[in-house]
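Trainee: This is a predicted model, with the sequence first.
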Amino acid sequence: MGRFEDTEIKFLKGIGEARAKLLASELEISDFRGLLEYYPFRYADRSRFYRIAELQGEMPMVQIKGRFVNFLTEGEGKRQRLRGIFTDGERMMEAVWFAGVKRIREMYATQTEYVMFGRPVIYAGGWQMAHPEIDRFDPANPPSGLQGIYSLTDVMRKRGLSQRVLQTAVRHLLLHPRFGEISETLPRAIVERYHFPPLAETYRSLHFPVDVALLRRARERMKFEELFYLELQILRYARKRSRALRGHVFATIGEYFNRYYSQCIPFELTGAQKRVLREIRADMRTGRQMNRLLQGDVGSGKTMVAFMSMLMSADNGFQSCLMAPTEILAGQHYETVKAWADAIGLRTALLTGSTGARARREIHDGLLDGSIHIIIGTHALLEEKVEFRNLGLAVIDEQHRFGVAQRARMWSKGSIPPHVLVMTATPIPRTLAMTLYGDLDVSVIDELPPGRKPIETWLRYDSGRMEVDRHIWRQLREGRQIYIVYPLIRENEKLDLRSLEEGLERVRQTFSGVEVSFVHGQMKPAEKDYQMQKFVEGKSRIMVATTVIEVGVNVPNATVMVIENAERFGLSQLHQLRGRVGRGADRSWCILMTKEKIAAPTRKRLNIMTQTTDGFLVSEADLKLRGPGDMEGTQQSGIAFNLRMANLATDGQIVQLARDAAEDVLAGNPVITGGTPPDGSARATALPLGDADLRILAAELSRRFAHEVDWSVIS
Ligand code: ADP
Ligand code: MG
């Protein structure tokens, strides 16, 4: 006899061949487990009988006990409907059916006590339930708890596979004599450690919860379980890779670092910068390749951290590179880093797509013979011809513009891969970062350098445009520069381009005599760079653009960021755009423009921007509103998200719990990662498992990730 949960669904009472086929084609349910894992999307209150007098608007599905007084058939043919007048003894309401009139009319009698179940709505001044579920009242079967409601497809409904049929099928399954045999999917040690209900009880509570508290515990267990296996898989993969990839050992902090730090550094590092440098230092001395994600809000000083890490690399005789997503950004980084590096005699170079042939050859030579210590550039750095004498550290700015594959290409630039530091200003909550970038360690700069003036954010409607224009004029007169950004979304390209061009026209008229730059993604790169450069150098004072300017550009003299149609941007994107101003010593403004009429949720969303400038708060709110699927970077994460119950956006605490548990399990069971203890860092909370529990882990990992799990040791 096979495992109970693997039994084909057609063998379940009330299903049979035909319905089994339907379940397979509509819901991909083929066995008992499939049905058990088809969780209700909401629950109906079966815990008590309501009185008609108690009904209110916006109620869930409720049940009412009473009798039919009489039935009325109205209309003809397709229009025919049946109304059943129902009373609970105090008041009247009606049930109404628009189909199956004849059959239903014969099914129910007057003067029999029924329980009518459905969603009450007001119709023509009275309460009505359309197509209610009706059971004969059974005194032996009193009101009971909550009942799961499943989502059905139209095809299922048409073919008679109704809510009722599904509920009954699940009930049969839960009452099956062999139901208790169902195999646990979590190690016993974990179930006990977290006091989770056992699997059989969890399924019962998910489908027919006795009360809300039990439902919550069951949901917690299932969320945990999904996340636990996800985290375990990610960590296993990361550990295996980190073992396979040896890294350079940067044993010493030497002359370059120390001299720069004591004599040249133009400011005191913030506490967060120091902490992150210590984390990087600790990584790079271990002999394991570093793969670290550095998160820090716009303006938090990531560049200096990158530079000081490069000094560690130089101190150990290695070269470093810094890769940026655009030429402009690479150029700006080059200016900054060159000034810092010159002060201590390190040689820097800039390599981009527009570097001339001769300069390029010189750079190639300098990289090969090691005379260039720090190279800054764009994707051009990834070309095959670019070879290093000994690349020790690769810094990648603005992670979301580069994919994992590109990171991997950096690794191939030497027999031992360089340490990799990925910097991003799109902060994502830690729990999400851990999961999305599971193979990366995460460092966070959560502190801005002192003395920053906060950026004021306004929300303005079209009707307030005059005021905004006046404000722009005032800033222009003070010598400041202005950004005006338009959305350009692929699906809407034509319309957007038109409004962009109209916007440009309006700006030229309103601010006549002021030099304007104009940039959008469809321009030739050379034209784009020319327009950008004009603005960077202050030759143009207003920049009308699409989000191409989102990333990294640094024009400290720009003090106003106007975002048109702000409602069409995600919060994280708005935050990135806002980060383009407030980079100098002057007061700055971010002005979100929308048309007069925006829906309340949109206004609420945009108000988050006016209330906080903290990138982490913004991205957390964004994540909650949009879900992780839309977050930047998720497409590249390479992790299949197949979560039925857990939500990375809202279940942060459970993600953390699952992560900890996965780490404890790995620490306690070296067999999982191939025999060697992870990192050599013994966790105080390591959780060693017995053979039975290890078998559960192996089975679940291979089931969930269709992955070959080869722990010959425990078989
Ligand atoms: P981001 O993290 O957005 O890349 P940058 O590295 O461009 O930020 O830093 C923003 C500005 O802050 C730069 O002008 C930089 O020189 C300055 N800065 C960085 N760290 C500090 C610090 N500890 N104190 C004062 N200014 C700093
Ligand atoms: Mg930066």
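Mentor: Now that the structure is in, tell me what you want to look at. Ligands and ions are numbered 1, 2, ... in the order given.

Trainee: three-state assignment of the closest residue to Arg659 other than its chain neighbours?
Mentor: Nearest non-adjacent residue to Arg659, counting by CB to CB, 6 or more residues apart in numbering: Glu231, 4.8 Å away. Backbone N, C-alpha and C define where each C-beta goes, glycine included. Here Glu231 takes the helix state, with states given by DSSP: H, G, I helix; E, B strand; the rest coil.

Trainee: Just give me the neighbour total for Glu231.
Mentor: 24 (other CB atoms under 10 Å).

Trainee: Check the spacing between it and Asp651 real quick.
Mentor: Taking CB to CB, to the nearest Å as the measure, Glu231 falls 12 Å from Asp651.

Trainee: in stretch 603-612, what counts as buried?
Mentor: The neighbour-count check on stretch 603-612 (16 or more other CB atoms under 10 Å) flags 605-606, 608-609 as buried.

Trainee: what would the residues you listed look like in CSV with distance to ligand 1?
Mentor: As requested, the buried residues of stretch 603-612 are exported to CSV (distance: CB to the nearest ligand atom, whole Å):
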residue, distance to ligand 1
Arg605, 24
Leu606, 23
Ile608, 21
Met609, 18
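
Trainee: how about whichever residue of the stretch 101-250 of the chain sits closest to ligand 1, secondary structure?
Mentor: Closest approach between the stretch 101-250 of the chain and ligand 1, counting by CB to the nearest ligand atom: Phe250, at 22.0 Å. Counting by three-state DSSP, the backbone at Phe250 sits in coil.

Trainee: Alongside ligand 1, which residues does the stretch 351-500 of the chain contribute?
Mentor: 425, 449 (CB under 6 Å from any ligand atom).

Trainee: Now do the strands in the stretch 351-500 of the chain.
Mentor: Taking DSSP state E, counting those that start in this stretch as the criterion, the stretch 351-500 of the chain contains strands spanning 374-377, 391-397, 419-424, 441-445, 455-461, 481-485.

Trainee: how about the residue of the stretch 101-250 of the chain closest to ligand 1, what does it touch?
Mentor: Applying CB atoms under 8 Å, 6 or more residues apart in numbering to Phe250 gives the contacts 281, 284-285, 312-313, 315-316, 318, 392, 419.

Trainee: and these, which two are the farthest apart?
Mentor: The largest separation in the contacts of Phe250, counting by CB to CB, is between Arg281 and Phe318 at 14.2 Å.

Trainee: the more surrounded of these two?
Mentor: Legend: neighbour count by other CB under 10 Å for Arg281 and Phe318, higher for Phe318 (23 against 16).

Trainee: and the more buried one, what pLDDT?
Mentor: pLDDT, Phe318: 96.

Trainee: give the contact list for it.
Mentor: Applying CB under 8 Å, 6+ apart, we find Phe318 in contact with 248, 250, 390-393, 418.

Trainee: measure the residue of the stretch 101-250 of the chain closest to ligand 1 to Ile396 for me?
Mentor: 18 Å.

Trainee: Count residues in the vicinity of the nearest residue to Leu166 once chain neighbours are set aside, would you?
Mentor: Setting aside the residues directly before and after it, Leu166 is nearest to Tyr150 in space (CB to CB, 6+ apart), at 5.1 Å. Using other CB under 10 Å, Tyr150 has 19 neighbouring residues.

Trainee: In space, what's closest to the residue lying farthest from the centre of the chain - neighbours in sequence excluded?
Mentor: Seen from the C-alpha centroid of the chain, the residue lying at the greatest distance (CA atoms, centre = their mean) is Gln111, 56.0 Å away. Excluding its sequence neighbours, the residue lying closest to Gln111 (CB to CB, 6+ apart) is Arg67, at 5.8 Å.

Trainee: Note down every partner strand of the helix or strand that neighbour falls within and its orientation.
Mentor: Assigned by DSSP states H and E, Arg67 belongs to strand 62-74. With DSSP bridges as the test, strand 62-74 is paired with strand 49-50 (parallel), strand 81-87 (antiparallel), strand 114-118 (antiparallel).

Trainee: Could I get the contacting residues of the residue of the stretch 351-500 of the chain found nearest ligand 1?
Mentor: Here the residue of the stretch 351-500 of the chain nearest ligand 1 is Pro449; by CB to the nearest ligand atom that distance is 3.3 Å. Applying CB under 8 Å, 6+ apart to Pro449 gives the contacts 267, 270, 299-301.

Trainee: Just the buried residues of the residues you listed.
Mentor: Among the contacts of Pro449, those buried by neighbour count (16+ other CB under 10 Å) are 270, 299-301.

Trainee: Strands along the stretch 551-700 of the chain, start to end?
Mentor: Using DSSP E, counting those that start in this stretch, strands in the stretch 551-700 of the chain cover 558-563, 588-594.

Trainee: which of the ones you listed sits most buried?
Mentor: strand 558-563 (a mean of 26; mean count of other CB atoms under 10 Å).

Trainee: Any regions of the stretch 601-715 of the chain where pLDDT drops low?
Mentor: For the stretch 601-715 of the chain, applying pLDDT under 70 flags the ranges 626-642, 649, 675-682, 707-715.

Trainee: which SSE is the closest residue to Tyr114 other than its chain neighbours in?
Mentor: Nearest non-adjacent residue to Tyr114, counting by CB to CB, 6+ apart: Ile134, 5.2 Å away. Ile134 belongs to strand 133-136 when assigned by DSSP H and E.

Trainee: quick one: least confident helix or strand in the protein?
Mentor: Least confident helix or strand, the chain: helix 404-411 with a mean of 57, by mean pLDDT, DSSP states H and E.

Trainee: In contact with the residue in the chain positioned nearest to ligand 1, which residues?
Mentor: Proximity of the chain to ligand 1 (CB to the nearest ligand atom) peaks at Gly301, 2.8 Å away. Neighbouring residues of Gly301 by CB under 8 Å, 6+ apart: 269-270, 273, 445, 448-449.

Trainee: Can you report how many residues lie near Arg119?
Mentor: Other residues close to Arg119 by other CB under 10 Å number 15.

Trainee: The spatially closest residue to it that is not a sequence neighbour and Gln163, how far apart?
Mentor: In this structure, Arg119 finds its nearest non-sequential neighbour in Met61, 5.0 Å apart by CB to CB, 6+ apart. Distance of Met61 to Gln163, given as CB to CB: 10 Å.

Trainee: No more questions from me, cheers.
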